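> Would you be able to build a 3D model of this:
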Amino acid sequence: MRRTARRLAALAALIPLAGCGMGIQPTDVIEAGGPATIDVLPAREARLLLFFLTPDGTLVPVPRFLDDGSAWGGQYDLGPEAVRGTSGPDSATGAERVPPAAAKTVAALLDGPNAREREAGLHNAPTLPERADVEITISGGVIDAAVDVPLAGVDDLGLRQLVCTVAYAEDEWGRPPVRLSGTDGPRPQASCDTSPGGTGDGPARPTPTVSPAVRPAPTP
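You can find the predicted model right below:
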């Protein structure tokens, strides 16, 4: 009982708001928490956003903060090739800071939860590969994420993790649809939706078409 209580407390500290999941089908939407989850996070240049699974299999966003060294654990090179885009200046050095590239973020996801996250019961889908190189291209508003491993053995939970992690690595609000492809071919494109009203039931909803330059209106 005490161990369960500690795990729940640790999970609550890591995840401000949990959501629900659904299987990936063509143009389907993946439910992964409400806007409040993303709104409370620091700027993208100061953290990663990884999507792990809770003990009951719920897909949840988990931030890792770059400033305390916990995001990479010294295992990843964050040199110039690891980033793209621009953001505000670093408060300590005045240098321009940029969000980590999606490929590096996916590498952190596949490496799995860190010690604190494991203590909270977070985990990867067992079918996710432990390592993979990812190449990201964007065309026509769709993020193409090509990995150098087969995806045939990756279940829906693992595909959800990849889609949401890539979407939020490339867009602050995770709006663009993502088309995963492995060495065995492409998968249907899917979107990671964070609207609180989504249930995953009924027909597939259309992919968001809001301009990336426009921030969605706050949820009442």
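
> C-alpha from now on. contacts and neighbour counts both.
OK.

> so who does Thr105 touch?
Leu48, Leu49, Leu50, Thr165, Val166, Ala169 (Cα atoms under 8 Å, 6 or more residues apart in numbering).

> What's the mean pLDDT across stretch 170-183?
Stretch 170-183 comes out with an average pLDDT of 93.

> Return the set of buried residues in it.
Glu170, Trp173, Gly174, Arg175, Pro176, Pro177, Val178, Arg179, Leu180, Ser181, Gly182 (16 or more other Cα atoms under 10 Å).

> Same check on stretch 138-152?
Under the neighbour-count criterion of 16+ other Cα under 10 Å, stretch 138-152 has Val142, Ile143, Asp144, Ala145, Ala146, Val147, Leu151 buried.

> Show me the helices in the chain, by range?
For the chain, the helices defined by DSSP state H cover 2-14, 35-39, 102-111, 115-119, 156-170.

> Next, the angle helix 156-170 makes with the third one.
Helix 102-111 and helix 156-170 are oriented at 150 degrees to each other (axes from the mean of the first three to the mean of the last three Cα atoms, to 10 degrees).

> Leu180 and Pro55, how far apart?
Distance, Leu180 to Pro55, by Cα to Cα, to the nearest Å: 25 Å.

> which residues does Ser139 bridge with?
Taking DSSP bridges as the rule, Ser139 bridges to Val142.
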